[in-house]
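Visitor: below are the sequence and a predicted model; questions follow.
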Amino acid sequence: ARIWDTPVAERAAALTRAADLFEANHGEIFALLAREAGKCAPDAIAELREAVDFLRYYAAEALAAPASSPRGIITCISPWNFPLAIFTGQIAAALAMGNAVLAKPAEQSPLIAHLATRLLHEAGVPVTALQLLPGPGRVVGAVLTSDPAIAGTCFTGSTATAQTINRAMAEGCAPDAMLIAETGGLNAMIVDSTALPEQAVRDIVASAFQSAGQRCSALRMLYVQHDIADSLKEMLFGAMDALTLGDPWWLANDVGPVIDQSAREKIAAHIEAARRDGRLLKQLDAPETGWFVGPAAIAVNGIEDLAEEIFGPVLHIATFEAGEIDALVERINARGYGLTFGLQTRIDARVDAITARIHAGNMYVNRNQIGAVVGAQPFGGEGLSGTGPKAGGPRYLPRFADAEGPQIDLPPLTRIAGQAEVEAALAALPRVTELPLDTQTMPGPTGESNVLSTFARGRVLCLGPSVEAATQQAEIARGEGCAALIVVPGAKGPHAIDGFIERPDLQRIQGFDAVAIWSTSEDQRAIRKALAAREGAILPLLTEAGFAPRCVHERHVCIDTTAAGGNVSLLA
Ligand code: NAD
């Protein structure tokens, strides 16, 4: 593998040619998407559209980006549920910035990956810059995420695999190797009593059951206000009855199979457990041949009852009382995921209040919560749902450019700050700004509002290693609304500890969201390993000089501004 050392205009032209070739080969692509990934026609069309959008968008963004050097060899690991769009998006971004790519598609979808790779080569991407390495994740993926030659990994898949990759990279790759991980979610929608039921039902059915629920963005947890719950459920179950399950090859079918036998068994066992407990509210019959699962609705008390993401056509439903809506937001945030969120209401003040507090990367109001559009609705989550930056957004490409930091020797070890001391100092930090730092209106069609905002990531541990370096790091973090704690020998001041954190302690200390350090790479490795050994969300190690863009979360709110109707008598 060799970096794609050619002027950006040539790279952009090749990616644009690839977009044209993808469109020209739509017939073969649609056939493969149906045969290999079980995609129904509307899903296949949307998938090709998204892949083409990624190619054109990143080509255009690269042309507009300031000159930079590539990072090197990037491993791109993609899931089977968007075997063309995500596969292509990751690769296109890395290539646009001049990196070399080792592409590892999901075991279930190598043929689509092969076709996409062939078309990219035909469009002019050199074979040395893009190599396809299909195979099992545990074997091929494991090597590609631990070899020292790898400068970064771009991963989309499950939260558990992202953790495995983070640990493998911490052991084997350079400590500042990039990791972008986009993972799963426990995505909720709240429907209040002012919503238009017909519209809510349309959007619930699409969000929960389109693509047989095999979208990371899919609705898993529906909260309906108690006052309208009975009638809404009746309408919803009627709408489910109108879905046709069957071979995705035929246009008449709305819901295809799930990806394979093991997926079917896992989803079926989850539904069966609910049936045994008397919580299964509704399930459609499914064809017996093929890996079909009949779309199902299950009663739960709330998001706390969901042990994990069930990646199939299963909707969990709970009700809430009018006065409980604020508590719902807390409960949803408390699960630690943050991918998509849906809200159906006719009260503008409620839209503002709830979208300001939900910790989710993509929020959708009065519409379905799937199908983000490149450039208009940059996509990606926070917490357990991903590291950012958002794919298809303005902050994605810069992450693929080389970004070295100063390397400063560690100062002499004076005293060690213990876990309790650091945690107490973290708890005493000023509050992290909860207001948006920067808000940008994204392009989109009339009748839809698309707004992308950044929010402070949280508390940043600034470890210098010199006092000057740590002070500078704290300034950068605070500039993005974060709270910063300096822990360095010789540090003084209210938000500083004069001492040294033992590197393994970073596995245990609670209450921070990122670590900044400009020390030597062996010291950085010890920190990265300790951070990777933690449970929960992947915490960033900020080693580059200009790490400000990594101190923020991006959140996007998409509103259907044409939504009308609903119970307006409740608005007075
Ligand atoms: P997965 O994690 O099982 O596999 C994803 C990829 O990782 C595959 O290519 C697999 O071969 C590879 N892999 C597995 N083990 C590996 C290892 N040890 N080292 C390196 N690579 C390894 O996920 P999946 O079942 O293919 O996809 C479904 C999941 O993806 C769901 O959780 C879904 O929510 C998530 N997803 C997220 C997004 C997003 O943008 N946030 C988009 C689509 C899917």
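Guide: Nice, I can see it. Numbers count the residues shown, from 1 in each chain.

Visitor: buried set for stretch 272-279?
Guide: Neighbour counts over stretch 272-279 (16 or more other CB atoms under 10 Å) mark 274, 279 as buried. Using the backbone N, CA and C atoms, a C-beta is placed for each residue, glycine as well.

Visitor: report the contact partners of the residue of the stretch 351-500 of the chain found nearest the ligand.
Guide: The ligand sits closest to G386 of the stretch 351-500 of the chain, with a gap of 5.3 Å, by CB to the nearest ligand atom. Applying CB atoms under 8 Å, 6 or more residues apart in numbering to G386 gives the contacts 162, 180-183, 339, 361, 380.

Visitor: please redo it, this time with the cut-off set to 6 Å
Guide: Contacts for G386 were tallied using CB atoms under 6 Å, 6 or more residues apart in numbering; they are 181-183, 380.

Visitor: helices - which of these land there?
Guide: If you go by DSSP state H, the contacts of G386 have nothing in helices.

Visitor: report the rounded mean pLDDT for the lengthiest helix in the chain.
Guide: Criterion DSSP H: the longest helix present in the chain is helix 41-64. Averaging pLDDT along helix 41-64 gives 98.

Visitor: what does stretch 264-276 give?
Guide: 98.

Visitor: CA atoms of that stretch as CSV?
Guide: Output of stretch 264-276 as CSV, limited to C-alpha atoms (Å, rounded to 0.1, in the frame of the first residue of the first chain):
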residue,chain,number,x,y,z
ARG,A,264,-32.6,-14.3,12.8
GLU,A,265,-32.1,-16.6,15.8
LYS,A,266,-31.1,-13.8,18.1
ILE,A,267,-34.0,-11.5,17.1
ALA,A,268,-36.5,-14.4,17.3
ALA,A,269,-35.3,-15.4,20.8
HIS,A,270,-35.8,-11.8,22.0
ILE,A,271,-39.4,-11.8,20.6
GLU,A,272,-40.1,-15.2,22.0
ALA,A,273,-39.0,-14.1,25.5
ALA,A,274,-41.5,-11.2,25.3
ARG,A,275,-44.2,-13.6,24.1
ARG,A,276,-43.6,-15.9,27.1
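
Visitor: thinking P313 is in contact with Q210, fair?
Guide: No - using CB atoms under 6 Å, P313 is not in contact with Q210, being 8.9 Å away.

Visitor: burial of D402, as a residue count?
Guide: Using other CB atoms under 10 Å, the number of residues around D402 comes to 16.

Visitor: what packs against the helix or strand encompassing L95?
Guide: Using DSSP states H and E, L95 falls within helix 85-96. Secondary-structure packing of helix 85-96 (3 or more CB pairs under 6 Å, 6 or more residues apart in numbering; DSSP states H and E): helix 41-64, strand 73-77, strand 100-104, helix 110-122.

Visitor: so what's E502 up against?
Guide: Applying CB under 6 Å, 6+ apart, the residues near E502 are I416.

Visitor: P313 and Q210: which has the busier surroundings?
Guide: Using other CB under 10 Å as the criterion, P313 and Q210 rank with P313 on top: 29 against 23.

Visitor: pull stretch 482-492 out as CSV, backbone CA atoms only.
Guide: C-alpha atoms of stretch 482-492 as CSV (Å, rounded to 0.1, in the frame of the first residue of the first chain):
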residue,chain,number,x,y,z
CYS,A,482,-15.1,22.3,28.0
ALA,A,483,-13.9,22.4,31.6
ALA,A,484,-10.2,21.6,32.0
LEU,A,485,-8.2,20.1,34.9
ILE,A,486,-4.4,20.5,34.7
VAL,A,487,-2.4,17.8,36.4
VAL,A,488,1.3,18.4,36.0
PRO,A,489,4.3,18.8,38.4
GLY,A,490,4.6,22.4,39.3
ALA,A,491,1.1,23.4,38.3
LYS,A,492,-0.7,26.0,40.4
